[in-house]
Each structure stands twice: as C-alpha cells, then as structure tokens.
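Peer 1: only geometry, no sequence info:
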Ligand code: NAD
C-alpha cells in the first residue's frame, strides 16, 4: 500500500511547494495568494505558504462532510490499520521530517528527531490500538455499538440503560508553531481514529511539516476527504473555519487571547470546543531537595526548545537558604550545557526563536525587566566560538547566522511578583527566580497566576511533596521532575491555560458524542 519512495520529501524547506490538501488532492489557494515563510536561523526567505480564505475552507469542510458517512462507519480495525501505516511512514521518514521541522521552526535537529517525531507516530499507534482494544476494559466501549450502563426495574418491566459513543462529525483542528507537526498529530490521530473527519488549519508560521504529513496520509491510504489541510492566517482561514456551519467541534491549541476569541465564536454557535492555551509555570525548589537534580531539571525546563514550550518553567521559586547556591549552579550549568548555534548541527542544544516577531516580543520583556530595575543576566559561555556579539537586551548574533532570530538564555532576579515579566507568558528563553521562606508562601506564589498549566515541586520529603502537589492549581503537577510524559494521562490547563482535557481516554471523550439509550423490555 505504501512505500518510502512514494514520498518526495526534499532535503530543504526552500524546495517545498506548499499547497492546500482538499478531498485527497493538493491545490493552490483559490485566492492564488501566497505568504513568505522565513528560516529562523538565517532570517532568509524560505518557502511560500498559501494565504487561503473562506472559499478554501468551505471546499475543505464540504469534502470532510461528504467523507463522514463512510469513514464513520468504517470498521475500527480498518481505520486502525490506516493509522498504523501513518505511524510507520512517519518513522520511516523521521530523519527528513526532523530536518525540515528544524529548518522551518528553528528547533534543534536533535530535539525534532528524538522528541517530536517519535511522539507524532506514537499518537497514531496509540489511538489505532485503543479503538480496537480500548485503553482499559471500560473504554473498549469505543469499539462496541453501545455499553450496558444500568438495569433498573420500572413497574413490571426492566429498563436497560446504555451509553453509546459516536463520532461528532466534521472537526476543526487549529494548531500553533512550537511543535508544528506534533500538535497536528496530537489532535488528528484521536479525531479521525474515532470516525470524525476534519479540516486542519496549522499555523501560518510553520506549515512545512503539516504539509508533508498530507503526503503521508495519502500514502497510507487515508480515504479522500477524511483529513483536509488548509494553510493560511488565523483571520483569513482560522475564523471562517471556526464559524463554518458544518463544523461540529473545534480543537484549538495556541495563545490565551486567541483562545478567548475562538471560545466566544464557537460557544456562540453552540459548537464543542477544546482550548489548550498558554502557561506561566512554576518550579518550587525546597531546601531538602536533591539540588543537582533540581538544577539540571530547572535548566531543561527553562531552555529546552528555546523556552518555546507551553510548560516551560519560566518562574522558579527557591527556598531562601539554598537560593544563592541554586542560582549559581543554574548559571554554571546553563553556560556549560546550553550550546547555542546552528539548529541543524547535532551538537546544538539551543536555536533561534521561531520568528522576528517572537524575538522582538521576548526582547521587549527583557527590556521591561531592565527598566524595572531587575538584575538581568545572559548566561553564555564567554568563550563560545559561535557567539559573535550580544546586545544590551539579549539579542544574540551567531557567527554564520547573523540574520537569525537568536535570544540569549536569560536569567532575571530581583523582580517583583506583580511585574508583567512574572505574570505574562513570554514564551522564550527567559527564566525569573525568586526566593521563598515557607511552604505556604511557595504555594501562594506558584498559584498567584492567571494561568494553570503545569508546575513542579522538588523535595525529598515525600509527605511534603504530596501535600504541596495537591495544592497547586495546575492541570499537570510533577514531583521531582518536569514534563515526564504518559500519554494515557489527561492534559490541559486551569484558568487561562484552557478549558478541557485531551490525551488518552480524554481525547476520546472530546472527539465523540455520548448518547444515552433507554429501552424498556
Ligand atoms: P496563536 O494563538 O497566535 O495561534 C494559534 C493558531 O490559531 C494558529 O494556527 C493561528 O493562525 C490561529 N488563529 C489565530 N487567530 C485566530 C482566529 N481569530 N481565529 C481562528 N484561528 C486563529 O498561538 P501561537 O503563537 O501560534 O502559539 C503559541 C501559544 O500556544 C503559546 O501561548 C503557547 O503556550 C500555546 N501552546 C499551548 C499548548 C498547550 O497544549 N496548552 C501547546 C503548545 C502551545
């Protein structure tokens, strides 16, 4: 059915001709308009992105609607076989996909190859398995026409109560740029596994690997119209998609402001909506922790993917008696480990920001901290041969990559809890540190945020660890760890970090309608 040679993945993002993928065919936008994409490492123009509009969205939704009756009635085993082929093709092409991801997004090749790609194929395998076997005994209902939930005596008859999970219809999947292909796979796999069809609108900043995914879907034998991809901006393509009358549910990952708009649009039209939004995540480091481990985890949590992770620990609170030691060790480890440079090099840990706009946003927060009188340090190895210069606000110039959107790994101390730098999501390599005295104060500081996505606690006292973890108001809480992952666990945020839970069985709940069936026998 599929083979690697069927996929014509070029070695460079510059050679991609990105087109919409509608009803199993690649087509230009009806506007014939394209936007420029830029290589974040060099600032040079790379490929062109369709600037699609309502007509393209409407064509895609129609295709998805037409495909729904057959796909939703396709036996789970057949759907699972296609999903497994998608996973195999991602794995077979992972090196090339990772290279394009790195060129398009600026993330390091190592990170794209070791983290993003296996997670992408993992989602397809996971949901292929669960629609056939279920996550647990009780979830095997996804495969059953209905589940007997209760039997009640009613007068002289028996009332049998059953629940049935059915696919919802046509879904809109809207994704951000920090994990361009992964965010699409995270939504697409459960969405189509349970029998929905969909229109995907990836971010206009990083459309390359979502486009390559369309080649994989076709090569894997996914029937036409089941997954349609329309590329373009949020305003021109995203909004018409959310508002389209035939869209039954919207799954969105992105910023809080956009999430609020999408929530209002979808809610006003009575569509199901899942919002996975930003974070301002806290690490709480107690004086009885394993400090080497806490520092190593803290550095990773601050600077992995250049801090462009919704779960990045951008606030780190450290108990006062180990504060100086922690800061000093953190500084040293960052200078040693966070190797800045060409993201395509296997030795690089840390690449550029995704775009000029994102770089300017991050630099703006650094300047704000400086204006507020905070201590701002750029943690770079002074002997790093890659670094040509660094500006007062942390803009890095890297040798051979002078036009790239690089920002130095930045540590801010002496900042107020109420500062915008402490309260707003910067989404870049900027970490704020502050000392605390008591457990109560640590919990209060961590919870003093409009966001509620993730948090971590470091202590060797198990009782305290449990006590503190239970009081933190975030969707995920890690003890002596950060971002350890289990795909069978719920993922999502509280407050401005989102409204729903996805992953594992929670994705199945979101992407299906639950019906109650009562039969008097
Ligand atoms: P964004 O909100 O700017 O854009 C996200 C997507 O929404 C893009 O595809 C964009 O084109 C689209 N969009 C924008 N305006 C729209 C509108 N009016 N109608 C419909 N669609 C619209 O976010 P971003 O800058 O791409 O991503 C960064 C954000 O994503 C950060 O806040 C980060 O924390 C968050 N994020 C959250 C998670 C999570 O799982 N919680 C994961 C990754 C990223």
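Peer 2: Thanks, I have the structure now. All values reported here derive from a predicted model rather than from experimental measurement.

Peer 1: what residues are up against the spatially most central residue of the chain?
Peer 2: Among the residues of the chain, the one closest to the centroid is residue 183, at 4.6 Å (C-alpha atoms, centre = their mean). Residues near residue 183 by C-beta atoms under 8 Å, 6 or more residues apart in numbering: 175, 176, 202, 253. The way it works is simple: take the backbone N, C-alpha and C, and place the C-beta from them, glycine included.

Peer 1: switch the cut-off to 10 Å
Peer 2: 116, 120, 173-177, 200, 202-203, 206, 210, 251, 253-254, 276, 310 (C-beta atoms under 10 Å, 6 or more residues apart in numbering).

Peer 1: Residue 214 too?
Peer 2: Per C-beta under 10 Å, 6+ apart, neighbours of residue 214: 18-22, 24-26, 200, 222, 227-229.

Peer 1: repeat that with 8 Å
Peer 2: Residue 214 touches 21, 26, 227, 229, counting by C-beta under 8 Å, 6+ apart.

Peer 1: I'd say the third one and residue 193 touch.
Peer 2: No: at 11.4 Å, residue 227 does not count as touching residue 193 under the criterion of C-beta atoms under 8 Å.

Peer 1: Tell me how far the residue lying farthest from the centre of the chain lies from residue 180.
Peer 2: Largest separation from the mean C-alpha position in the chain: residue 156, at 54.0 Å (C-alpha atoms, centre = their mean). Using C-beta to C-beta, to the nearest Å, residue 156 is found at 61 Å from residue 180.

Peer 1: now residue 242, what's its secondary structure?
Peer 2: At residue 242 the chain is in helix, as set by DSSP: H, G, I helix; E, B strand; the rest coil.

Peer 1: Tell me the buried residues in stretch 354-373?
Peer 2: Applying a neighbour-count criterion of 16 or more other C-beta atoms under 10 Å, one finds 354, 355, 358, 359, 362, 363, 365, 366, 368, 369, 370 buried in stretch 354-373.

Peer 1: Over to the third one. Which of the three states is it?
Peer 2: Secondary structure, three-state DSSP: residue 358 is helix.

Peer 1: can you pull the contacts of it?
Peer 2: Residues counted as contacts of residue 358 (C-beta under 8 Å, 6+ apart) are 308, 405, 427, 428.

Peer 1: Narrow those to those in strands?
Peer 2: The members of the contacts of residue 358 that map onto strands under DSSP state E are residue 405.

Peer 1: so which of the contacts of residue 358 also contact the ligand?
Peer 2: residue 427 (C-beta under 6 Å from any ligand atom).

Peer 1: Stretch 120-135 close to the ligand?
Peer 2: No: figure legend: stretch 120-135 not in contact with the ligand (C-beta under 6 Å from any ligand atom); closest approach 13.3 Å.

Peer 1: Give me the contact list for that stretch.
Peer 2: 76-77, 79-81, 83-84, 86-88, 90-91, 94, 97, 139-143, 181-182, 185-186, 188-190, 193-194, 487-488, 504-505, 507-508.

Peer 1: Mind listing what's buried along it?
Peer 2: Applying 16+ other C-beta under 10 Å to stretch 120-135 flags 120-128, 130-132, 134-135 as buried.

Peer 1: could you dump these to TSV with pLDDT?
Peer 2: Below are these laid out as TSV (pLDDT from 0 to 100):
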residue	pLDDT
120	98
121	97
122	96
123	97
124	98
125	97
126	95
127	95
128	96
130	91
131	92
132	91
134	75
135	62
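
Peer 1: Next, give me the two most distant ones among those residues.
Peer 2: 120 and 134 (22.7 Å; C-beta to C-beta).

Peer 1: Return the residues of the stretch 251-400 of the chain in contact with the ligand.
Peer 2: Checking the stretch 251-400 of the chain against the ligand by C-beta under 6 Å from any ligand atom, the hits are 253, 254, 255, 258, 261, 262, 276, 277, 278, 279, 310.

Peer 1: Let's see the pLDDT reported for the nearest residue to the last one once chain neighbours are set aside.
Peer 2: To tie it back to what came earlier, the one meant is residue 310. Once flanking residues are discounted, residue 310 sits nearest to residue 279: 4.9 Å by C-beta to C-beta, 6 or more residues apart in numbering. Per-residue confidence at residue 279 stands at 98 (pLDDT).

Peer 1: Okay, and residue 279 sits in which element?
Peer 2: Using DSSP states H and E, residue 279 sits in no helix or strand.

Peer 1: and it, what does it touch?
Peer 2: 310, 311, 312, 425, 451, 452, 453, 454, 474, 493, 497.

Peer 1: And the helices in the stretch 51-200 of the chain?
Peer 2: 54-72, 76-92, 94-105, 109-111, 117-133, 180-193 (DSSP state H, counting those that start in this stretch).

Peer 1: just the buried members of the residues of the stretch 251-400 of the chain next to the ligand?
Peer 2: Looks like those have 253, 254, 255, 258, 262, 276, 277, 278, 279, 310 buried, using 16+ other C-beta under 10 Å.

Peer 1: related to what we said a few turns ago, between the buried residues of stretch 120-135, which is closest to the ligand?
Peer 2: residue 123 (13.3 Å; C-beta to the nearest ligand atom).

Peer 1: and that closest one, how far is that from residue 26?
Peer 2: As judged by C-beta to C-beta, residue 123 and residue 26 stand 24 Å apart.

Peer 1: Can you verify residue 321 is assigned to a helix?
Peer 2: Yes: looking at residue 321 with three-state DSSP, it is inside a helix.

Peer 1: who touches the closest residue to it other than its chain neighbours in this structure?
Peer 2: Counting by C-beta to C-beta, 6+ apart, residue 321 lies nearest to residue 287, which is 5.1 Å off, once chain neighbours are set aside. Residue 287 is in contact with 319, 321, 322, counting by C-beta under 8 Å, 6+ apart.

Peer 1: Apart from its neighbours in sequence, what residue is nearest the closest residue to the ligand within the stretch 51-200 of the chain?
Peer 2: With C-beta to the nearest ligand atom as the measure, residue 176 is the residue of the stretch 51-200 of the chain nearest to the ligand, at 3.0 Å. Of all residues not flanking residue 176 in the chain, residue 254 sits nearest, at 4.5 Å (C-beta to C-beta, 6+ apart).

Peer 1: same deal with residue 253?
Peer 2: Leaving aside its sequence neighbours, residue 253 sits nearest to residue 276 (C-beta to C-beta, 6+ apart; 4.1 Å).

Peer 1: what are the bridge partners for the one you found, then?
Peer 2: residue 253, residue 498 (DSSP bridges).

Peer 1: Next, the contact list for it, please.
Peer 2: Listed by C-beta under 8 Å, 6+ apart, the contact set of residue 276 reads 251, 252, 253, 254, 310, 491, 492, 493, 497, 498, 500, 502.

Peer 1: Format the residues you listed as TSV; extra columns: pLDDT.
Peer 2: TSV is the format used below for the contacts of residue 276 (pLDDT from 0 to 100):
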residue	pLDDT
251	98
252	98
253	98
254	98
310	97
491	97
492	97
493	98
497	98
498	97
500	94
502	94
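
Peer 1: out of those, who's nearest residue 515?
Peer 2: Closest to residue 515, out of all of the contacts of residue 276 and judged by C-beta to C-beta, is residue 500, at 19.9 Å.

Peer 1: what about that closest one, neighbour count?
Peer 2: 20 (other C-beta atoms under 10 Å).

Peer 1: Then it would be within a helix, right?
Peer 2: No: Residue 500 is assigned coil when assessed by three-state DSSP, not a helix.

Peer 1: show me what contacts it?
Peer 2: 273, 274, 275, 276, 492, 506, 510.

Peer 1: now swap in residue 226 and tell me
Peer 2: Taking C-beta under 8 Å, 6+ apart as the test, what residue 226 contacts is 64, 67, 71, 192, 197, 198, 217.

Peer 1: of all the residues in the stretch 51-200 of the chain, which ones are close to the ligand?
Peer 2: Checking the stretch 51-200 of the chain against the ligand by C-beta under 6 Å from any ligand atom, the hits are 174, 175, 176, 177, 178.

Peer 1: could those residues go into a markdown table alongside pLDDT and distance to residue 418?
Peer 2: Shown next, in a markdown table, are these (pLDDT from 0 to 100; distance: C-beta to C-beta, whole Å):
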| residue | pLDDT | distance to residue 418 |
| --- | --- | --- |
| 174 | 98 | 33 |
| 175 | 98 | 33 |
| 176 | 98 | 28 |
| 177 | 98 | 30 |
| 178 | 97 | 27 |
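
Peer 1: That'll do, ta.
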